[in-house]
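In: Mind looking at a prediction? Sequence and model below.
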Amino acid sequence: MSTALVLFRRDLRLADNPALHAACSAHDRILPVYVHDPAADGDWAPGAASRWWLHHSLRALDQTLSCQDGRLHIATGDTLTCIRQLCAASGARAVYWSRRYEPAAIAHDSALKAALRADGIEVHSHSGNLWREPWTLATDGGQPYRVFTPFWRRLRAQLPAPTPLPIARARQWLQADGGLPVAALGLLPAIRWDAGMAAQWTPGEAGARELLEIFADDAVNDYAKSRDLPARHGTSRLSPHLHFGEITPVQIHALLQQRAQQAGGASVRTSSPICANSAGANSPTTCSTTSRTRRRRTSTRASMPSLGRRTPPPCSSRWQRGRTGIPLVDAGMRELWHTGWMHNRVRMVVASFLTKNLRQHWHHGARWFWDTLVDADLANNTLGWQWVAGCGADAAPYFRVFNPYLQSAKFDPDAAYLKRWLPELAALPARTLHEAWKNPSALAACGYPAPMVDLAASRQAALAAWESLPSA
Ligand SMILES: Cc1cc2nc3c(=O)[nH]c(=O)nc-3n(C[C@H](O)[C@H](O)[C@H](O)COP(=O)(O)OP(=O)(O)OC[C@H]3O[C@@H](n4cnc5c(N)ncnc54)[C@H](O)[C@@H]3O)c2cc1C
């Protein structure tokens, strides 16, 4: 009887899981394992919202396994030590896992692989949560893609996409002694601020599938129109499920393709953003540094003198709490706090406000997002912040400063999003909110704070600071 250990990390699913599938095909007995090893995440251990998600996702995976008479073995501590002990106890001579793509994770997994192989244990790493491995897609010059559109064009040229693998079934799921309950990992907050997240999300493979079905029913013909409207569920909201590997881009693409064909078209346009995180993985050095040399120099000087400081300066606490006095910024920050998620357009607006109007370093915003987003993802978060701050790998114009009033008038015309998250302003007409600078007393009468900064003046100051810098 051959035995293999399958190490789950950010691939918390049984379907379309190439590593698990390969292990189940090649071995009689499978020991499914999750090792909680925060030290291995270095600077980027999961934040509070991600830990909440992880707790529920691990429970969901355990429940799914229990439907096949298996249990997820949960351990905590150094990954190598735990795997060595489990291999010795179970007789496993092979270990399988899905690849991860962040710089620290690659270094960790390479060392793990070398140590296990030195012990005489086979290690099989498989494609994880990406449609294509990052190193299989390059520009004509052989460089990683930095801009999404040409990357997406090249990817589409390689369609048809792979077919999703079925739910893996082991001949026998093995259990080892000494496994911990999920609760022992202490992932839930001590003070229970998570009610809003619990009301909104169902972490786990089944929750991901349900959300995908809803999105596919509603959005195949409507995504292009509604994806920018924060009041609508016009986007998939699959980002946390994708981050934790509860669903894959391949599964999403396959279902959307099927629905589009049933609807009489053959469009795959809806899937394009789903592949964006592959572009992130193509820029593995960007997590804390700024991508372009010229922009690095400018962002360092123009944004903040406090580059690299972990503690945000005091003026950003109003931004964090949704008390800036700028309605769209505050609505977004409160949505983030209550649900662990924020609409993409609003992420751009609040990030622009912090980095340009308040001239804080993008690190401060990225760190806050890291702690509060359920979909906090090193590649997507870093590249998102750098793009808005104008110092990323792609060609975002640094001089673009989002105007929150124009953005809300355009993308939330009836102010449904603003009123949902700023209930104290719900009685005011939409126009009053979109033109709040003309109506300060109306907003003040509702107990809403005055703007912490003048948008026009702070925009001019930011642009002047940029212009004063050397361009090379
Ligand atoms: C400042 C800033 C920070 C961000 N931080 C994160 C983060 O930590 N984690 C994260 O997953 N996304 C991040 N994004 C990207 C984007 O906002 C989210 O992916 C998107 O809002 C998720 O919603 P959705 O699943 O409904 O997206 P959909 O529109 O349904 O797209 C499906 C999937 O495609 C990917 N995607 C969509 N838009 C983008 C984008 N602009 N950049 C990269 N991937 C994208 C995501 O995986 C997403 O789940 C950030 C954007 C900005 C501007």
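Out: Received the coordinates, thanks.

In: hey, let's count contacts and neighbours off CA atoms from now on
Out: Will do.

In: Spatially nearest residue to residue 401 (excluding sequence neighbours)?
Out: residue 352 (6.1 Å; C-alpha to C-alpha, 6 or more residues apart in numbering).

In: Look up how far the ligand lies from the one you found.
Out: Distance, residue 352 to the ligand, using C-alpha to the nearest ligand atom, to the nearest Å: 8 Å.

In: Can you measure across stretch 231-242, start residue to end residue?
Out: Stretch 231-242 has an end-to-end distance of 22 Å (criterion: C-alpha to C-alpha, to the nearest Å).

In: so who does residue 238 touch?
Out: Neighbour list for residue 238: 208, 211-212 [criterion: C-alpha atoms under 8 Å, 6 or more residues apart in numbering].

In: swap that for residue 29, please
Out: Residue 29 neighbours (C-alpha under 8 Å, 6+ apart): 1-4, 170-174.

In: Turn the residues you listed into TSV, including secondary structure.
Out: Shown next, in TSV, are the contacts of residue 29 (DSSP: H, G, I helix; E, B strand; the rest coil):
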residue	secondary structure
1	coil
2	coil
3	strand
4	strand
170	coil
171	coil
172	strand
173	strand
174	coil
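
In: Now rank those by neighbours and give me the top one.
Out: With neighbours taken as other C-alpha atoms under 10 Å, the top of these is residue 4, carrying 28 neighbours.

In: partners of that one in the sheet?
Out: On the basis of DSSP bridges, residue 4 is bridged to residue 30, residue 94.

In: and the contacts of residue 29 as TSV, adding distance to the ligand?
Out: TSV is the format used below for the contacts of residue 29 (distance: C-alpha to the nearest ligand atom, whole Å):
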residue	distance to the ligand
1	40
2	37
3	34
4	31
170	30
171	33
172	34
173	31
174	33
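
In: Tabulate those in TSV, adding columns for pLDDT.
Out: Converted to TSV, these look like this (pLDDT from 0 to 100):
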residue	pLDDT
1	88
2	97
3	98
4	98
170	98
171	98
172	98
173	98
174	98
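
In: related to what we said a few turns ago, would you mind checking the contacts of residue 238 for buried ones?
Out: Neighbour counting by 16 or more other C-alpha atoms under 10 Å classes 208, 211-212 among the contacts of residue 238 as buried.

In: hang on, the earlier thing: from the contacts of residue 238, which land in helices?
Out: 208, 211-212 (DSSP state H).

In: For residue 332, state which of those is nearest.
Out: Lowest distance from residue 332 to these (C-alpha to C-alpha) belongs to residue 211, with 21.8 Å.

In: The closest one: what's it in contact with?
Out: Here residue 211 is in contact with 236-238 (criterion: C-alpha under 8 Å, 6+ apart).

In: before we move on, back to that, could I get the ones in helices among the contacts of residue 238 as a markdown table with pLDDT and distance to the ligand?
Out: Converted to a markdown table, these look like this (pLDDT from 0 to 100; distance: C-alpha to the nearest ligand atom, whole Å):
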| residue | pLDDT | distance to the ligand |
| --- | --- | --- |
| 208 | 98 | 11 |
| 211 | 96 | 10 |
| 212 | 95 | 9 |
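
In: hang on, the earlier thing: going by distance to residue 435, which of the buried ones among the contacts of residue 238 wins?
Out: Using C-alpha to C-alpha, the buried ones among the contacts of residue 238 come closest to residue 435 at residue 211, 35.5 Å.

In: one step back: surely the residue nearest to residue 401 is in contact with residue 387?
Out: No - the pair residue 352 / residue 387 is not scored as a contact, 9.6 Å apart, by C-alpha atoms under 8 Å.

In: and the two? which has more neighbours close in?
Out: Set residue 352 next to residue 387 and count neighbours by other C-alpha under 10 Å: residue 352 wins out with 27 against 22.

In: how much space between the more buried one and residue 318?
Out: 15 Å.

In: likewise residue 131?
Out: Applying C-alpha to C-alpha to residue 131 and residue 318 gives a distance of 39 Å.

In: Between the two, which has more neighbouring residues?
Out: Relative neighbour count places residue 131 above the other of residue 131 and residue 318, with 19 against 14, counting by other C-alpha under 10 Å.

In: what stretches of the protein score poorly on pLDDT?
Out: Scanning the chain with the threshold set as pLDDT under 70 gives 159, 219-221, 265-315, 394-396, 471-472.

In: repeat that with 90
Out: Within the chain, the stretches with pLDDT under 90 are 1, 38-44, 102-104, 128-162, 190-193, 216-226, 233-234, 256-316, 390-400, 465-472.

In: where do the strands sit along the stretch 101-250 of the chain?
Out: Counting by DSSP state E, counting those that start in this stretch, the stretch 101-250 of the chain has strands at residues 122-126, 172-173.

In: Give me the neighbour count for the closest residue in space to residue 343 that isn't next to it in sequence.
Out: The shortest distance from residue 343 to any non-neighbouring residue, by C-alpha to C-alpha, 6+ apart, is to residue 230 (5.7 Å). Residues lying near residue 230 (other C-alpha under 10 Å) number 22.

In: didn't residue 230 look like it was pressed against residue 413?
Out: No - using C-alpha under 8 Å, residue 230 is not in contact with residue 413; the gap is 10.6 Å.

In: how about the CA coordinates for stretch 330-340, as CSV?
Out: This file holds the C-alpha atoms of stretch 330-340, laid out as CSV (Å, rounded to 0.1, in the frame of the first residue of the first chain):
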residue,chain,number,x,y,z
ASP,A,330,-15.9,57.0,3.8
ALA,A,331,-18.5,54.6,2.3
GLY,A,332,-15.7,52.5,0.9
MET,A,333,-13.7,52.4,4.1
ARG,A,334,-16.8,51.5,6.1
GLU,A,335,-17.7,48.7,3.6
LEU,A,336,-14.2,47.4,4.1
TRP,A,337,-14.4,47.4,7.8
HIS,A,338,-17.8,45.8,8.0
THR,A,339,-17.5,43.2,5.2
GLY,A,340,-13.8,42.7,4.7
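
In: contacting residues around that stretch?
Out: The contact list for stretch 330-340, computed with C-alpha under 8 Å, 6+ apart, reads 49, 194-197, 200, 319-324, 341-343, 346-347, 350, 372-375, 417-418, 420-422.

In: Also stretch 123-130?
Out: 11, 17-19, 94-100, 113, 116-117, 133, 242, 245, 247-250, 275, 277-278.

In: rerun at 7 Å
Out: The list of residues contacting stretch 123-130 from outside it, by C-alpha atoms under 7 Å, 6 or more residues apart in numbering, reads 11, 18-19, 94-100, 113, 117, 133, 245, 248-249, 278.

In: Generate a PyMOL selection restricted to the buried subset of these.
Out: Buried residues among the contacts of stretch 123-130 (16+ other C-alpha under 10 Å), as a PyMOL selection:
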select buried, resi 11+18+19+94+95+96+97+98+99+100+113+133+245+248+249+278
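
In: The contacts of stretch 123-130 in helices, which ones?
Out: Taking DSSP H, the ones among the contacts of stretch 123-130 that sit in helices are 18-19, 113, 117, 249, 278.
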